[in-house]
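Asker: predicted model and sequence follow; I will ask about them next.
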Amino acid sequence: MEVEGMHAGKHQDDGEWSTGLCDCFEDVPNCCMTFWCPCVTFGEVAEIVDRGSTSCGTAGALYTLIACVTGCACFYSCFYRTKIRKQYNLKGDDCEDCLLHFFCEVCALTQAYRELNHRGFDVSLGWHGNVGRQSGGVATGAPVVEGGMTR
């Protein structure tokens, strides 16, 4: 589902990220969450970037599994930075994305979170929460029919 208007937040159209890599303290609660539990921030970002096809819980669990098995969950998260960059025509390249996540995972994750917030998303609500917010809470699916065959 395409959600119009969510990309119209307070951002620049010149290919620059809306905040700097080291502006972590612009959102202190998210900075703390990401420092102590990066899987949560990553899961929230992944759900928005994948437009709800990946749940926050699934992405966060996979991030944690990769971190526990290999110690390199940053290589998974860098692909989402690349997706954000390409969705919004932001400056950078794939190599830079991987290096940023490898050397400063917390800064890179919090920057992605802030970017999505600046693009009009409430990242903590998840994709479906943002869709509901945009549609004014109006259900867009088929109605649920109660009951069935009874004797």
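Answerer: Ah, there it is.

Asker: and the helices in this protein?
Answerer: Remark: helices assigned in the chain by DSSP state H are 28-36, 38-49, 56-70, 74-87, 94-103, 105-118, 126-134.

Asker: these: which one's closest to G20?
Answerer: G20 sits nearest to helix 105-118 of all the helices of the chain, at 7.5 Å, using C-beta to C-beta. The way it works is simple: take the backbone N, C-alpha and C, and place the C-beta from them, glycine included.

Asker: so which elements touch the closest one?
Answerer: Helices and strands touching helix 105-118, as assessed by 3 or more C-beta pairs under 8 Å, 6 or more residues apart in numbering; DSSP states H and E, comprise helix 28-36, helix 38-49, helix 74-87, helix 94-103.

Asker: pLDDT (mean, whole number) over that helix?
Answerer: When pLDDT is averaged along helix 105-118, the result is 97.

Asker: quick one on the thing from earlier: the helices of the chain: lowest mean pLDDT?
Answerer: Among the helices of the chain, helix 126-134 scores lowest, with a mean of 92.

Asker: helix 38-49 and that one, what's the angle between them?
Answerer: Put simply, helix 126-134 runs at 50 degrees to helix 38-49, going by axes from the mean of the first three to the mean of the last three C-alpha atoms, to 10 degrees.

Asker: tell me what helix 126-134 is packed against?
Answerer: Under the contact rule (3+ C-beta pairs under 8 Å, 6+ apart), helix 126-134 is packed against helix 38-49.

Asker: for the helix it packs on, what is the distance to the chain centroid?
Answerer: On the basis of C-alpha atoms, centre = their mean, to the nearest Å, helix 38-49 sits 5 Å off its chain's mean C-alpha point.
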